[in-house]
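Asker: My questions concern the predicted model and sequence given below.
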Amino acid sequence: MNIEKSKVIEVLKGIIYFAKGDNIVDLGMIDELIISDNTLRFRLVFPKLGEPAVNIVSNAATKALKEAFGDSTIIDITPITEKEKGRGPLAGVRNIIAIASGKGGVGKSTVAANLAVALSRTGAKVGLVDADIYGPSVPMMFGIVDEAPGMIEKEGKQMIVPIEKYGIRLLSIGFFVDTDKPLIWRGPMATSALNQLLTDADWGILDFLIIDLPPGTGDIQLTLAQSYSITGAVVVTTPQKVAFADVRRAATMFRQEKLTIPLLGLIENMAYFTPLDMPEKKYYIFGKGHGEGFANALGIPLIGQIPIVEQISSSGDSGSPIALDEDSPVAKAFLEVAYKVKELINK
């Protein structure tokens, strides 16, 4: 039987990769299509191979091709990753780290911003995605509220150019919406926005891409876990037990069988108070030892304890993350966290 390539492409256009909302041909997922006698051989390019969609899409393609060309047709499909193919906007990103929390108000975005700065201070190339779709804060924290990302054409596609500040490449949904108005989006719109921030941007070569997730265990977290190759997640809590109850749920989500993202460790924010004029003093106003206990309960390392100082709030409001101030005890704490994260990843 003489199988025409155009017919094969037409059949494969009927296979949808739902994570990106389009067919596998138009998404450029078909690679090295070879037709020989009654054998069809090609590679399917996915963001990562651990997701259930790999088998679903491969099986759907096999079924559709056999229905079109007969059961005797041999279908040989090899799934590969975008990195293996050496393409995709995230192909140059070595590590993606998700910063998560079970509830709002624990300082997750502050931790994400300052960890990005601290990692940059260690000599790493760093990017930061503000994926907190309903409460973007990165534009204010980095003093770029009135700026907008540029656009370039790359390989025939319009790509967003992240804004660079303090050596960090930055993208936030806050650059594209009116932050004075509430963002009333259903789940699919929010996940589509996340995909655009990650895959429609020219991130270039990065050692670390930090993703500031919204609080909770919703669509954004599911999309990230299922569609991208995440190196690990860091969970943020405060010393209160009510905060940890929600953090436990967030950590448990990442350990679901089909959503596995390695948990690198826990950061205890607001762990103690340090007066500006006595940086060596530590006052555990919420109690001592909670961070260690929470980390032990989750079976993960306590990566660091971040103190409360007045400058954390003022520096974030002024667009200058406190991790830039080398003399601050908070900056020193974040630098220790940065080195610990690098150590855990290298292991």
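Answerer: Received it, and whenever you're ready, just let me know what you need. The model shown is predicted, which means the values in this text are computed figures rather than measured ones.
Asker: Show me where the stretch 151-300 of the chain dips below the pLDDT cut-off.
Answerer: Applying pLDDT under 70 to the stretch 151-300 of the chain picks out residues 155-156, 177-188, 216-218, 257-260.
Asker: show me where it has strands.
Answerer: Per DSSP state E, counting those that start in this stretch, the stretch 151-300 of the chain carries strands over the ranges 157-161, 163-165, 168-172, 206-212, 232-237, 263-273.
Asker: and the last one, which residues are buried?
Answerer: Of the residues in strand 263-273, those with enough neighbours to count as buried (16 or more other Cβ atoms under 10 Å) are 263, 264, 265, 266, 267, 268, 269, 270, 271, 272. Placement of C-beta: from N, CA and C, glycine included.
Asker: so who does the residue lying closest to the first one once chain neighbours are set aside touch?
Answerer: In other words, residue 263. With Cβ to Cβ, 6 or more residues apart in numbering as the criterion, residue 263 has its nearest non-adjacent residue at 4.9 Å, and that residue is residue 300. If you count contacts by Cβ atoms under 8 Å, 6 or more residues apart in numbering, residue 300 has them with 235, 251, 263, 264, 265, 266.
Asker: same thing but 6 Å
Answerer: Remark: with contacts taken as Cβ atoms under 6 Å, 6 or more residues apart in numbering, residue 300 is in contact with 263, 265, 266.
Asker: which residues in the protein form helices?
Answerer: When secondary structure is read from DSSP state H, the chain shows helices at 5-12, 53-69, 82-85, 108-121, 138-141, 187-199, 219-227, 241-254, 290-298, 310-317, 329-346.
Asker: JSON lines please, covering these and showing mean neighbour count and distance to residue 18.
Answerer: As requested, the helices of the chain are exported to JSON lines (neighbours: other Cβ atoms under 10 Å; distance: least, Cβ to Cβ, whole Å):
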{"stretch": "helix 5-12", "mean neighbour count": "15", "distance to residue 18": "15"}
{"stretch": "helix 53-69", "mean neighbour count": "17", "distance to residue 18": "7"}
{"stretch": "helix 82-85", "mean neighbour count": "17", "distance to residue 18": "17"}
{"stretch": "helix 108-121", "mean neighbour count": "26", "distance to residue 18": "28"}
{"stretch": "helix 138-141", "mean neighbour count": "24", "distance to residue 18": "29"}
{"stretch": "helix 187-199", "mean neighbour count": "18", "distance to residue 18": "10"}
{"stretch": "helix 219-227", "mean neighbour count": "21", "distance to residue 18": "10"}
{"stretch": "helix 241-254", "mean neighbour count": "18", "distance to residue 18": "20"}
{"stretch": "helix 290-298", "mean neighbour count": "18", "distance to residue 18": "32"}
{"stretch": "helix 310-317", "mean neighbour count": "16", "distance to residue 18": "37"}
{"stretch": "helix 329-346", "mean neighbour count": "19", "distance to residue 18": "30"}
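Asker: Residue ranges of each domain in the chain, please.
Answerer: The domain map for the chain lists 7-85, 93-346, with the assignment taken from automatic domain parsing.
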